[in-house]
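Engineer: For reference, the sequence and a predicted model appear below.
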Amino acid sequence: MTFAPRYPRNRPVIVAAAASVVASTLMFGGLIPARAATTDPQPTALEQANAAVSRKAAEQGMVLLENHGQALPIASSGNIALYGVGAYRTVKGGTGSGNVNNRYTITARQGLENAGYSVTTSDAYWSAMTSAYDAKYGTPTGGIFGPTIDYASVEQPLTTDTVKPTAKTGTAVYVIARNSGEGSDRSSGKGDYLLGDTERANLELLGRTYQHVVVVINSGGIIDTNFYQQINAAEKDTSGGQALDSMLLMSQAGQESGNALVDVLNGTTTPSGKLTDTWASSYSDYPASATFANNDGNSATEEYAEGIYVGYRYFDSFYRSINKSDPASVVNYPFGYGGSYTDFSIQAQKVTASAKQVSVTAKVTNTGHRYSGKETVQVYVSAPQAGADKAYQQLTGYAKTDDLAPGASQTVTVTFNTASLASYSESRAAWVLDAGDYLVRVGNSSRNTRVAAKLNLAKPVVTEQDHNELADQKPASELTSKPADFYTYADEKREIAQARRIDLDPRSFHTENDASDDEQDVTVDSTSPYYALDGDKISSTTVYLDRDEKDWEGTGAPYAPKTGEKVKHVRTSSGSTLYDVAKGRTSIEQFVAGLTVKQLADIVEGSSVGGTTPSAVGAAGYTTGAHEDLGIPSMTLSDGPAGLRLTQQIATTPPTYQYGTAWPIGTLLAQTWDRDLVDKVGTAVGKEMNEYGVSLWLAPGMNIHRDPLNGRNFEYYSEDPLISGLTAAATTEGVQSNPGVGVTIKHFAANNQETARNSGNDVVGERALREIELKGFEIAVKAAQPMSVMSSYNKVNGTYASGNYDLLTDVLRGEWGFKGTVMTDWGGAHGATNTMYSGNDLIEPGGRPSDIVNATVKAAPTVDVHGLPAYTKTVRSTGSTSYTFQLGGLTLAAGGSTTVSSTVDGTTDLSKTPLSGTTTIDAINNQTYTAHPKFTSVDDAYQAVQDLLASSALTATQKAAVTVSDVQHSTAGDSTGPVTSYTVTLTGNYPAAGAYTMRLGDLQRSAIRILTTASKTASFQQLAQSQKVRGISVGSYTDQFKNLDPTVTSVKGRVQQPHHKR
């Protein structure tokens, strides 16, 4: 079977200096760096090596959308007229936590000039455009968000004079820039999804002026591309040819953007990227567009009425009904599409199938005559329409060839699990392969395939049995398709009829019982404090107790198990450390049973400061470093999906530096369709993590591109869960091939919009959740065992993700077998008890262990040096200020039954750093904590108390419960002299015994998971070395797991070079 492309194709040209990068590579014995930054401001060997990998990845993920009249590739040297704001301020990636503080970003203009081209744009236009940008937005500051940049608003109109080049050239390049990021979604209007008026007018004039016009899209997400056809229908160039000739999606390509772009434009690298989304002709054609975010005036509830019909599943299955008068006009560029500078043929040579797996072997040949290139073999399967409603087809596997010279060929074999063809049945809580024919399609895009075989299953079989999960709510209605509306093409019926039939024996299938063993099994009624957590059935949990402990937490009695807790007695040792656990001298359960509630609370609450081991400065957060005496290291957690976002220059003497590599955005990496290359990117990120002292990378992001306007789509991979899962798995494998570091896949789950992300409720049917929203996460977990998972801000079917037991325990751990740590997003916890109950182990950014303690046991206030309860003043980027006092369980009340008194005098140790301090929180909830300065005298402490009581830090009711008495001055009777002694008394009440709802077993379980993760990090080995503990070493995190399921594998044969006749 051979097919030819149904969509345009073509090719590029250039080289560029590899531009410098940062810091000195830290050599470490086996794996541990000497320190986490460098005093050398020059680019390190690692920085330069990573820049080269970033550039290669960028080139491989750019997608050629149009190429006519041999406009591309451009000549290898000469003059180029360059236009568009994106040529000046080329966007490397999105904003928010996905931003990176890299050393440099090569713009499109710099890339051309690096490669030796002369840019012939008129000074009048260039100066007007750059001045307009600078006046409105200034020089980039490297901040997290920076201003929201409307690139179209600063574009300047070309005139018949300014459009002329300063030196002769027939080629103009126009760069359209768009950006988005964390905190807000995109707009469907002009200047964002649509071209601005000035941008369109400039393209029209360029089309009339130049023989060749190349449009470059510098956007992390989909934009409307109808302008291309519309301008070409209305305009002609000077020779009567097409106005706009070529269009390249450069995406957002990281720090090497301009260099990589020029490599593709001039053919140094032949484009081989493929779209991971469907580019429709109108935003309104996307199935969720009418209700996405606030489009329907309701951002509080987002019903996923499209069900399983996301992306190409929708466009292929509703092909004839979206636009009945012109179905073919709905999709401009289909999922999987991407052009080249050469042509390829793909012949499906062999298909084999069994109950276990399906293998497809195809031969790819470069049929062009001039340019080498790579092609991607894509395998889709159409399931029978018996039983469950199903989409026209779904992607089941893919493989990218090596670089093939003209005439060269290569075979690739793609193998995938037969069970991946099953659909989820909500009524049976099972994955079912329905009876009928499964059509195996092979091609190079979703709309360019041929039927290679049909797999026949005589009877339906259940491949996996689960429990119903996440089914508390569902959309009022969901889309269902009709085969009569399906996409089709001219030879499809003939291909189906002639396809070889492979019979699958239903008796050879085995049903996997993957139902969670952690299913809720304890009945409670509505009067129970746990009813609000999970309804009338809650989970059971194991609490580890030492039988000899008769005075638990000073209560005078052993611990009293709470509802659902099963006691397991263990023997504890006061001298045990995490090193003993690592060496097998004690169990993790014994170790945790010996920890106090305060110690457990510190472990599960993040911290704004790290420990003593080398760690990156400016990271998003840390885990506690307060218990290094127990062998517990602090872990450093760093954003973001496009690279490590750290402080570039640290104000030490001498200054130290830590420049992170800005990698291409997630979508571009997925567009490479090259898992080996993505693995290399991950490996490079992991090396950088060890260089700077980062334990957990808060990436990859892998939510589904449900709608083009999601502000964070650039971080994520695709509308398709298989692409998402396999790309995330490859990233994870790469990062975690390095010793002692790991990834955090996020945001789990259904975090598909920024509007109302902290409170919105995503209502999704269980089947759609399992087949679309969760499937990519499942693939990544089963294939690579990421070290961590981050729960999302939003609610899923009525329950916040961070407190959702079904999601975080039954599905993630019970069904998929996840072994790592689950953390909240920053500020994403909603109560201590339900967070621990759900299986969300680590609360970030944390800093409030008292919330855990107070939910577990009666605790006295934590009194600071000055006699008042310790407190944290929180200042947000919005300007709001709040105070949190460490009152323990005490509620301040003037008539309370409990008093707590503290005297500050000459015996008070004023050399201690106060426990109180100020936390500043930026727009994406990253925190910086600064402790208050030490008190210089008793009088200084006294004045601080008076200032605080005079402020709005406490309410009037709270102030009434605080008295300052027995004030003594340096000279008796002289009240104007310095205060030398005073007493602060707090009055209030503790809650009733039933108010302590935290189950100790839940808290211990989360601590066990965090400690187990921490013991696999480089910081654990570093801490052991610093404390002179021998026998502690860590390796690759993923390597400890056996029987991982890759879901899809591919094998490439040797490249066969053409035989030339003499």
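Structural biologist: Right, received. Where do you want to start? Residues are numbered from 1 along each chain as shown.

Engineer: which residues in the stretch 451-600 of the chain form helices?
Structural biologist: 492-498, 531-534, 578-582, 588-593, 597-604 (DSSP state H, counting those that start in this stretch).

Engineer: Can you show me the CA trace of the third one as PDB?
Structural biologist: Included here for helix 578-582 are C-alpha records, laid out as PDB according to Å, rounded to 0.1, in the frame of the first residue of the first chain:
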ATOM      1  CA  LEU A 578      16.000   7.700  57.600                       C
ATOM      2  CA  TYR A 579      19.500   6.300  56.900                       C
ATOM      3  CA  ASP A 580      18.500   3.300  58.900                       C
ATOM      4  CA  VAL A 581      15.500   2.800  56.700                       C
ATOM      5  CA  ALA A 582      17.600   3.100  53.600                       C
END
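
Engineer: What are the structural domain limits within this structure?
Structural biologist: Per the record, the chain has its domains at 45-280, 328-515+1046-1052, 522-852+997-1032, 860-990, by automatic domain parsing.

Engineer: Could you check how far the last one is from the centre of its chain?
Structural biologist: Just to be clear, that refers to domain 860-990. 40 Å (Cα atoms, centre = their mean, to the nearest Å).

Engineer: And stretch 320-339, by the same measure?
Structural biologist: With Cα atoms, centre = their mean, you get 29 Å for stretch 320-339.

Engineer: picking up where we left off before, among the helices of the stretch 451-600 of the chain, which gets the worst mean confidence?
Structural biologist: Lowest mean pLDDT within these: helix 531-534, at a mean of 94.

Engineer: partners of the one helix or strand in the chain whose mean pLDDT sits lowest, with directions?
Structural biologist: Taking mean pLDDT, DSSP states H and E as the measure, the chain has strand 927-931 as its least confident helix or strand, at a mean of 85. Paired strands of strand 927-931, with direction, are strand 917-921 (antiparallel) (DSSP bridges).

Engineer: residue contacts, Glu204?
Structural biologist: Ile231, Ala234, Glu235, Ala243 (Cβ atoms under 8 Å, 6 or more residues apart in numbering). Yep, even glycine has a C-beta here, placed from its N, CA and C like the rest.

Engineer: let's see it at 10 Å
Structural biologist: Neighbouring residues of Glu204 by Cβ atoms under 10 Å, 6 or more residues apart in numbering: Leu158, Phe227, Gln230, Ile231, Ala234, Glu235, Ala243, Leu244.

Engineer: Let's see which of the residues you listed end up in helices.
Structural biologist: Using DSSP state H, the subset of the contacts of Glu204 located in helices is Phe227, Gln230, Ile231, Ala234.

Engineer: Partner strands of the host helix or strand of Ser901, with direction?
Structural biologist: Using DSSP states H and E, Ser901 sits within strand 898-904. If you go by DSSP bridges, strand 898-904 pairs up with strand 979-989 (antiparallel).

Engineer: which residues touch the residue nearest to Ser759 when sequence neighbours are not counted?
Structural biologist: Once flanking residues are discounted, Ser759 sits nearest to Ala300: 7.1 Å by Cβ to Cβ, 6 or more residues apart in numbering. Residues in contact with Ala300, defined by Cβ under 10 Å, 6+ apart, are Asn294, Thr755, Ala756, Ser759, Gly760, Asn761, Lys795.

Engineer: now do 7 Å
Structural biologist: Ala756, Gly760, Asn761 (Cβ atoms under 7 Å, 6 or more residues apart in numbering).

Engineer: Quick check: phi and psi on the first one?
Structural biologist: Note on Ala756: backbone dihedrals following degrees, to the nearest 10 are phi 50, psi 30.

Engineer: repeat for the last one
Structural biologist: The phi/psi pair for Asn761 (degrees, to the nearest 10) reads phi -110, psi 120.

Engineer: Check the one 4 residues further on too.
Structural biologist: Phi and psi for Gly765, reported as degrees, to the nearest 10, are phi -60, psi 150.

Engineer: ok, so what distance separates it from Ile603?
Structural biologist: Using Cβ to Cβ, to the nearest Å, Gly765 is found at 37 Å from Ile603.

Engineer: Let me know how buried Ala280 is, in neighbour terms.
Structural biologist: By other Cβ atoms under 10 Å, the residues close to Ala280 number 25.

Engineer: My read is that it contacts Val330, right?
Structural biologist: Yes. Assessed by Cβ atoms under 7 Å, Ala280 is found in contact with Val330 at 6.0 Å.

Engineer: shared neighbours of the two, which are they?
Structural biologist: Common neighbours of Ala280 and Val330 (Cβ under 7 Å, 6+ apart) are Phe315.

Engineer: how about Phe416, what does it touch?
Structural biologist: Contacts of Phe416 by Cβ under 7 Å, 6+ apart are Gln357, Val358, Thr396, Gly397, Thr1047, Val1048.

Engineer: Backbone dihedrals for the last one, both of them.
Structural biologist: Note on Val1048: backbone dihedrals following degrees, to the nearest 10 are phi -130, psi 140.

Engineer: burial measure for it, as a count.
Structural biologist: Neighbours around Val1048, by other Cβ under 10 Å: 24.

Engineer: follow-up on the earlier one: looking at the contacts of Ala300, which has the most residues close by?
Structural biologist: Gly760 (22 neighbours).

Engineer: hang on, the earlier thing: please spell out the PyMOL selection for the buried subset of the contacts of Phe416.
Structural biologist: PyMOL command restricting the contacts of Phe416 to the buried ones, with burial defined by 16 or more other Cβ atoms under 10 Å:
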select buried, resi 358+396+397+1047+1048
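
Engineer: Among the contacts of Phe416, which pair sits farthest apart?
Structural biologist: Val358 and Thr1047 (12.1 Å; Cβ to Cβ).

Engineer: Enumerate the beta-bridge partners assigned to the residue nearest the centre of the chain.
Structural biologist: The residue lying closest to the centre of the chain (Cα atoms, centre = their mean) is Gly701, at 1.6 Å. Beta-bridge partners for Gly701, by DSSP bridges, are Lys746.
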